[in-house]
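J.: can you look at this prediction? I've put the sequence above it.
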Amino acid sequence: MVEKTFSSTTSGSEHRLRGSIGVPGIVFLVIAAAAPLTAVAGSLPVMIALGNGAGAPLTYIVVAAVLLVFSVGYATMSGHVTESGAFYAYVTKGLGRGPGLGAASLALLAYTTVQAAIYGLAASTLGSVVVRFGGPDLPWWVWAFALMALVAVLGYRSINVGAKVLGVLLVAEMLLIVVLSVSILGQGGAQGIEVSSFSPSTFMSGSPGIALMFAVGSFIGFEATAIYGEETKNPRRTVPIATYVAVIIIGVLYAVASWAIVLAFGADDVQAIATEHTADLTFIAADEYLGGVSSDVLMVMLVTSLFAALLAFHNAIARYTHVLSRGGFAPRSLMAVHPRHGSPHLGSLFQTVTAFVLVGIFALAGADPVLELFTWMAGVATVSILVVMVLTSVAIVVYFTRSGADTRLWHTKIAPILGGLGLAGITALVIANFTTLIGGSRTLANIFLAIIVCTFVIGWAVGHFVVRSRRGTAMDQTSGSPHP
């Protein structure tokens, strides 16, 4: 009762986010966070080279299938909880405030680190594009901070503004991926059309665990469907539809595009070629199947893809801090909502500052923007978000079992359990291959894994002690005695 009273007094209409975003807008935001062109041009070649080679297309299908099953319970829960915190709100409803704060801390860690990772890759790519077209060769961090300033301006304003910007960029990059895929398939690839990429034996060849890591990383941002619940026209309808549509679109797009890239070089040869040309595998395919200028267009579009992802993650983090502030677990000023834009503008500014600090640390250390900033932070983000999703699966089952708010067996029991088991299996494979993911240093891998564990434990402890303190204060006020 104490927690409910507190929530009602600090979550008034003046602190609620506003907006009228619909299914297309949310789908755009989710796909933007996934950054399709970044996955196809950046992650896929590494996935093929270090993972299971020609089995990459089936890997994407496996991950998409697990996420679709997970989405059943996730979308069902969205009809009962419309808080912008999504994973945080769901875990809190099912498992309590302590685990909820632990999950929120991990989600913030995941999105903050993956955004920092993308700043590194985006800055490096943008610098290469500028030099390629005759511009100055500036340090990578100059471009990183320039992108950060632009993201800050858009993030400060209404979510509808961000969705419109992302919509234009996403349509362009997705069209480019489709055109490249159709061109390769239409020309029969290097050795003709064949479907060995979708066989279990090909999927299990090489290192499928590493392939799964990169595939999961390509779906990060999945939570965005529920994060914007308060800013939708009809959250009970919009969030579930957007969730299913986003996962299916991303999964199909990745599977077809990766299959096309495999066929472009041949299933038997693609892994060796990817190992030798990891950085430009997709660009080589574009040159061969689309023509000489296509690689230039592809590189420019890769920058816009990365920018779209930066804006999507910025919005997600700002809304997480807004909800935590509204619940009394972050500085109260961060719950402020802009009177005209209806956006969490102070949370957005705070997120810009944290991004500046994290990227600035790597810049001062002289780190490589791709090999260190991107690789290390993407690894931390992948493990963190997987753990949060497993917790969410458990929370969904517990919540519906206790509340009886929805009695559909598939939606509230079977699907969440199956999705949770699938995610737990993927998490185990990711952790087993984590050293490879962050560059081969076991010591560094252990440090990052320890940071993930400590983040969750600290979040849980804060939630436990804050709630306990509130209960003690309420009891003292009721009895009329001062709190010691």
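T.: Right, received. Where do you want to start?

J.: point out where this structure drops to low pLDDT.
T.: Judged against pLDDT under 70, the low-scoring parts of the chain cover residues 1-22, 29, 33, 82-86, 156-167, 222-236, 326-345, 437, 439, 466-484.

J.: the same query, at a cut-off of 50, please.
T.: Low-confidence segments of the chain (pLDDT under 50): 1-18, 474-484.

J.: does residue 32 touch residue 309 like I think?
T.: Yes: using C-beta atoms under 8 Å, residue 32 is in contact with residue 309, at 5.9 Å. For the C-beta atoms, the positions are set from N, CA and C on the backbone; glycine is no exception.

J.: what touches both of those two?
T.: Shared contacts of residue 32 and residue 309 (C-beta atoms under 8 Å, 6 or more residues apart in numbering): residue 221.

J.: for residue 304, see how far away residue 143 is.
T.: 14 Å (C-beta to C-beta, to the nearest Å).

J.: and what of residue 378?
T.: Separation of residue 378 from residue 304 (C-beta to C-beta): 20 Å.

J.: who's more crowded, those two?
T.: residue 378 (23 against 20; other C-beta atoms under 10 Å).

J.: residues near the residue nearest to that one when sequence neighbours are not counted, how many?
T.: Take residue 378 and drop its neighbours on the chain: the residue closest to it by C-beta to C-beta, 6 or more residues apart in numbering is residue 117, 4.3 Å away. Residue 117 has 29 neighbouring residues, counting by other C-beta under 10 Å.

J.: just say helix, strand or coil for residue 117.
T.: helix (DSSP: H, G, I helix; E, B strand; the rest coil).

J.: okay but it is in contact with residue 373, surely?
T.: Yes: counting by C-beta under 8 Å, residue 117 does reach residue 373; the two are 6.3 Å apart.

J.: residue 188 should be in a strand, yeah?
T.: No: secondary structure assignment (three-state DSSP) places residue 188 in coil, not in a strand.

J.: so residue 138, which of the three states?
T.: coil.

J.: count of residues packed around it?
T.: Around residue 138 there are 14 residues (other C-beta under 10 Å).

J.: how near is it to residue 124?
T.: 11 Å.

J.: same check, this time on residue 59
T.: For residue 59, the distance to residue 124 - C-beta to C-beta - is 26 Å.

J.: and what of residue 355?
T.: With C-beta to C-beta as the criterion, residue 355 and residue 124 are 16 Å apart.

J.: out of the two, which sits in the more crowded spot?
T.: Between residue 355 and residue 124, counted using other C-beta under 10 Å, the more crowded position is residue 355 (24 against 20).

J.: can you say which helix or strand has that one in it?
T.: helix 345-364 (DSSP states H and E).

J.: ok, and for that helix, which residues are buried?
T.: 345-348, 350-352, 355-356, 358-359, 362-363 (16 or more other C-beta atoms under 10 Å).

J.: can you map out the helices along the stretch 1-150 of the chain?
T.: 2-10, 23-34, 36-38, 44-50, 56-78, 87-95, 97-132, 140-156 (DSSP state H, counting those that start in this stretch).

J.: report the angle between the second one and helix 97-132.
T.: Angle between the axes of helix 23-34 and helix 97-132 is 70 degrees (criterion: axes from the mean of the first three to the mean of the last three C-alpha atoms, to 10 degrees).

J.: give the buried residues for helix 23-34.
T.: 23, 25-34.

J.: just the CA coordinates for it, please, in CSV.
T.: Provided in CSV are the C-alpha atoms of helix 23-34 (Å, rounded to 0.1, in the frame of the first residue of the first chain):
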residue,chain,number,x,y,z
VAL,A,23,2.3,1.2,-34.8
PRO,A,24,4.5,2.4,-37.7
GLY,A,25,6.3,4.9,-35.5
ILE,A,26,7.1,2.3,-32.8
VAL,A,27,8.2,-0.3,-35.5
PHE,A,28,10.5,2.3,-37.0
LEU,A,29,12.0,3.0,-33.6
VAL,A,30,12.6,-0.7,-32.9
ILE,A,31,14.1,-1.3,-36.3
ALA,A,32,16.2,1.8,-36.0
ALA,A,33,17.7,0.5,-32.7
ALA,A,34,18.5,-2.7,-34.5
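
J.: use 18 as the first number for this chain going forward.
T.: All set: I'll call the first residue 18, so the last point we hit is now helix 40-51.

J.: what is that helix packed up against?
T.: helix 176-203, helix 241-244, helix 252-282, helix 311-343 (3 or more C-beta pairs under 8 Å, 6 or more residues apart in numbering; DSSP states H and E).

J.: any idea how far that helix is from the chain center?
T.: On the basis of C-alpha atoms, centre = their mean, to the nearest Å, helix 40-51 sits 11 Å off its chain's mean C-alpha point.

J.: ok, the third one next?
T.: Taking C-alpha atoms, centre = their mean, the mean C-alpha location of helix 53-55 is offset from the chain mean by 13 Å.

J.: quickly find the element holding residue 227.
T.: Residue 227 belongs to helix 225-234, assigned by DSSP H and E.

J.: likewise residue 442?
T.: helix 432-449.

J.: next SSE downstream of that helix?
T.: helix 451-454.

J.: tell me how far that following helix lies from the chain's centre.
T.: 19 Å.

J.: and that helix, C-alpha only, in CSV?
T.: Taking only C-alpha atoms (Å, rounded to 0.1, in the frame of the first residue of the first chain), the coordinates of helix 451-454 have been written out as CSV:
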residue,chain,number,x,y,z
PHE,A,451,32.3,-13.8,-24.1
THR,A,452,36.1,-13.7,-24.1
THR,A,453,36.1,-14.0,-28.0
LEU,A,454,33.4,-11.4,-28.2
